[in-house]
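> Below are the sequence and a predicted model for it; my questions follow.
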Amino acid sequence: MLKKIVFMGTPLFAVPILKSLYQNGFPISVVYTQPPQKSKRGQQVNRSPVQSMSEVLNIEFRTPQTLKNNNEEYEYLKKLDADIAIVVAYGQIIPSEILKLTKKGFINIHASLLPKWRGAAPIQRAIINLDKLTGISIMKINENLDSGPVCNSYKVDILNNENAEEISNKLSSLAAEKILENLDDIFGDKANFTEQDHTQATYAKKINKLEGKINWNEKSMAIIGKINGLYPNPGAWFIFKGERYKILKAIISEKEGEPGIVLDDYLEIACNDKSIKILEIQREGKRQQKIEEFVLGSKIKKGSNLNNA
């Protein structure tokens, strides 16, 4: 007998997992995703990546503003009587009464090695924290944030200078592969869910744009962690003569100097210990540029002070 699967997800991270389930014959009855968002200027409405993929695959999708106290969605899911729900970065709290509406529960793919980095921004926090290891956890959702029992975890190395976008792509591809065997085990009652060690839990709070401001008195590795962890958005940035500049890619250099001082015309900038060498940069309102192109018309020269500029 065919199984009924509910898929809940929103960002690009969730798309390969949705495609993998579909292409491998897992019947998705309905997709839940965040409602379309108006652009900043209100000129166009942006659908979520998961909604766009649902349309391509011709899968029914629903976009409620909230599931909380939403009787229409409760009755819909109750009538559907699904076997399982797969949740991947949906972006909404799922109320306890809805969590009871599938036979095998709600299974979440979380982008960290739980109980580390529960919460909204696990990939970014791992990189900013200079972790060497991350991964995905396949877990059963309960009423508390990312605290349910874990079926399987899969580790991924964070290689030197990898950014959040690169790690996100690696984890998403891994999840798209591993969810298939885990679903087979869950449906076959072979899956073993183990309680997390809650005493070891850490939390990956949502990223605030202001966190991206670079403090040149920090060590070079911490600044590189921020640049990579906040790529591509909101990005790590500094202000010079009233304009914001976002650093997209940089490496550590051995030069030393007073923190925040530009050490050469190719934007090598002194930090607390060594310095960073900028490779790609984006001036506010402009396109991103490699440093060799950027310096041709830049106001930032050797000797410039980037502290509170």
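Received, thanks.
> what's the burial count for Ser125?
Ser isn't right for residue 125; it's Arg. By other Cβ atoms under 10 Å, the residues close to Arg125 number 23. Quick note: C-beta positions are derived from backbone N, CA and C, even for glycine.
> do the same with the one 4 residues further on
Look at Asn129: counted by other Cβ under 10 Å, it has 15 neighbours.
> Also Glu162?
16.
> any weak-confidence spans in the stretch 51-200 of the chain?
Within the stretch 51-200 of the chain, no range satisfies pLDDT under 70.
> which residues in it form helices?
Taking DSSP state H, counting those that start in this stretch as the criterion, the stretch 51-200 of the chain contains helices spanning 71-80, 96-99, 122-128, 164-187.
> One more: the stretch 201-309 of the chain?
For the stretch 201-309 of the chain, the helices defined by DSSP H, counting those that start in this stretch cover 220-229, 291-294.
> Could you export those helices as TSV, including distance to Glu195?
Shown next, in TSV, are the helices of the stretch 201-309 of the chain (distance: least, Cβ to Cβ, whole Å):
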stretch	distance to Glu195
helix 220-229	29
helix 291-294	49
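> Which one, of those helices, ends up nearest to Ser147?
Closest to Ser147 of the helices of the stretch 201-309 of the chain is helix 220-229 (Cβ to Cβ; 23.8 Å).
> so what does that closest one touch, helix or strand wise?
Using 3 or more Cβ pairs under 8 Å, 6 or more residues apart in numbering; DSSP states H and E, the elements in contact with helix 220-229 are helix 122-128, strand 236-240, strand 243-253, strand 275-283.
> go again using 6 Å as the cut-off
Secondary-structure packing of helix 220-229 (3 or more Cβ pairs under 6 Å, 6 or more residues apart in numbering; DSSP states H and E): helix 122-128, strand 243-253.
> what's the angle from it to strand 236-240?
110 degrees (axes from the mean of the first three to the mean of the last three Cα atoms, to 10 degrees).
> and helix 220-229, how far from the chain's centre?
17 Å (Cα atoms, centre = their mean, to the nearest Å).
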